[in-house]
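1. Here is my input, please return the structure:
(one chain, ligands or ions: 1)
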Amino acid sequence: MRSKDTPAEARQRFRCPACVQMMTYGRGQCENCGEVTPIYNWRGFWLGLWICLGLSAVGALAILILG
Ligand SMILES: [Zn+2]
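-> You can find the predicted model right below:
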């Protein structure tokens, strides 16, 4: 377990496009208005993005090395 305390603002990265309240990061719905949050507020999106970037980097490297 990490003992680092996480302040509330650290978990709220983006604003809701519907009501302009800060959304809790990782939530699928805005707590204030119930609007479905944009995909960039979902953890899986960033995880998938980094995996895609990593895979394309590895792929590009493989093409460079293997010709
Ligand atoms: Zn909202």
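2. can you list the weak-confidence ranges in the chain?
-> 1-10 (pLDDT under 70).
3. Do you have the helices of it handy? List them.
-> For the chain, the helices defined by DSSP state H cover 43-66.
4. Alongside the ion, which residues does it contribute?
-> Cys16, Ala18, Cys19, Cys30, Asn32, Cys33, Glu35 (C-beta under 5 Å from the ion). The C-beta positions use only the backbone N, C-alpha and C, and glycine is treated the same way.
5. Of the residues you listed, select the buried ones using a PyMOL command.
-> Here is the PyMOL command that selects the buried residues among the residues of the chain next to the ion (16 or more other C-beta atoms under 10 Å):
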select buried, resi 16+30
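6. I'd like the residues of the chain next to the ion as TSV, with distance to Cys52 appended.
-> Formatted as TSV, the residues of the chain next to the ion follow (distance: C-beta to C-beta, whole Å):
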residue	distance to Cys52
Cys16	26
Ala18	28
Cys19	31
Cys30	26
Asn32	31
Cys33	31
Glu35	27
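7. Out of the residues of the chain next to the ion, the closest to Trp42 would be?
-> Cys30 (12.6 Å; C-beta to C-beta).
8. if I pick that closest one, what's in contact with it?
-> Cys16, Ala18, Cys19, Gln21, Met23, Val36, Thr37 (C-beta atoms under 8 Å, 6 or more residues apart in numbering).
9. Tell me the spacing between the residue nearest to it when sequence neighbours are not counted and Gly67.
-> By the measure of C-beta to C-beta, 6 or more residues apart in numbering, the closest residue to Cys30 outside its immediate chain neighbours is Cys16, 4.4 Å from it. Using C-beta to C-beta, to the nearest Å, Cys16 is found at 49 Å from Gly67.
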